[in-house]
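In: The sequence and its predicted three-dimensional model are supplied below.
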Amino acid sequence: PDHPYGGVVSVGYAVTFVTLMPFGLLNLDENIGQQLASFWVLVATCVLYSALFLARGLEARRVPAVGDEFGNVLGVIIFNFAFCVTVPSWLNEKRPHVRVNRTIWSSTIASTVGYILFGLLGALAYDNVDDNLLNTLANSNSVAERVSAYVFAWAIIGLGIPIFCVIARYNLIVGGLASPGVATWWGCFVPWLSAWTIY
């Protein structure tokens, strides 16, 4: 039957909520362990995927010089380069000796090169790639690709969600718009409690 809100709360959504939401209650510096773990999982899965892509065989014919679908380009760029949302909070939390320009430029350049190489390798390895490469990997016949796609989704994308909750809460408090309790409600709980309606 049709649901009035267009979706249901799945077991996966509930497990994701229970495992990730508590990190949104921490401060940025208290989240550093999870973020470092997320970074190393990112490095490991990118190395694994690169090896899997190379093992599949790369074919230049799979990637045209100019594509014919650009509808998702802006959204992907905004999502992947969302540091404009995080930088103000990071500036308040960083250690005094950390150089801002060098940190932002080096991480942006490294991320851009990584996105291009990873996306290109993935596109060269598959005949039909979904808009989201993780969907292609999650639906693969390879157990390694399927398992690593879910690990990637939880450890990299998933662990990034609480950071935005922390930042929203932090900005509400610092901006004088809400008390810590109200900021926690709007920054941490409301996004999780309402996101399932568009899930």
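Out: Okay, I see it. Numbers count the residues shown, from 1 in each chain.
In: ok, Phe17 - how many residues close by?
Out: Number of residues near Phe17 (other Cβ atoms under 10 Å) recorded here: 16. The way it works is simple: take the backbone N, C-alpha and C, and place the C-beta from them, glycine included.
In: contacting residues for it?
Out: Trp192 (Cβ atoms under 8 Å, 6 or more residues apart in numbering).
In: Which of the three states applies to it?
Out: Look at Phe17: counting by DSSP: H, G, I helix; E, B strand; the rest coil, its state is helix.
In: same deal with Asp68?
Out: coil.
In: per-residue confidence for it?
Out: On pLDDT, Asp68 comes in at 79.
In: Burial check on the residue nearest to Val100 when sequence neighbours are not counted, number of neighbours?
Out: Of all residues not flanking Val100 in the chain, Leu91 sits nearest, at 7.0 Å (Cβ to Cβ, 6 or more residues apart in numbering). As a burial measure, Leu91 scores 11 neighbours (other Cβ under 10 Å).
In: Leu91 and Asn101: what is the separation?
Out: Using Cβ to Cβ, to the nearest Å, Leu91 is found at 12 Å from Asn101.
In: Against Val100, how distant is the residue positioned nearest the centre of the chain?
Out: Residue closest to the average C-alpha location in the chain (Cα atoms, centre = their mean): Ile157, at 2.9 Å. Distance of Ile157 to Val100, given as Cβ to Cβ: 26 Å.
In: Gln34 now?
Out: For Gln34, the distance to Val100 (Cβ to Cβ) stands at 23 Å.
In: what about these two, which has more around it?
Out: Shown here are Gln34 and Val100; by other Cβ under 10 Å, Gln34 has more neighbours (17 against 11).
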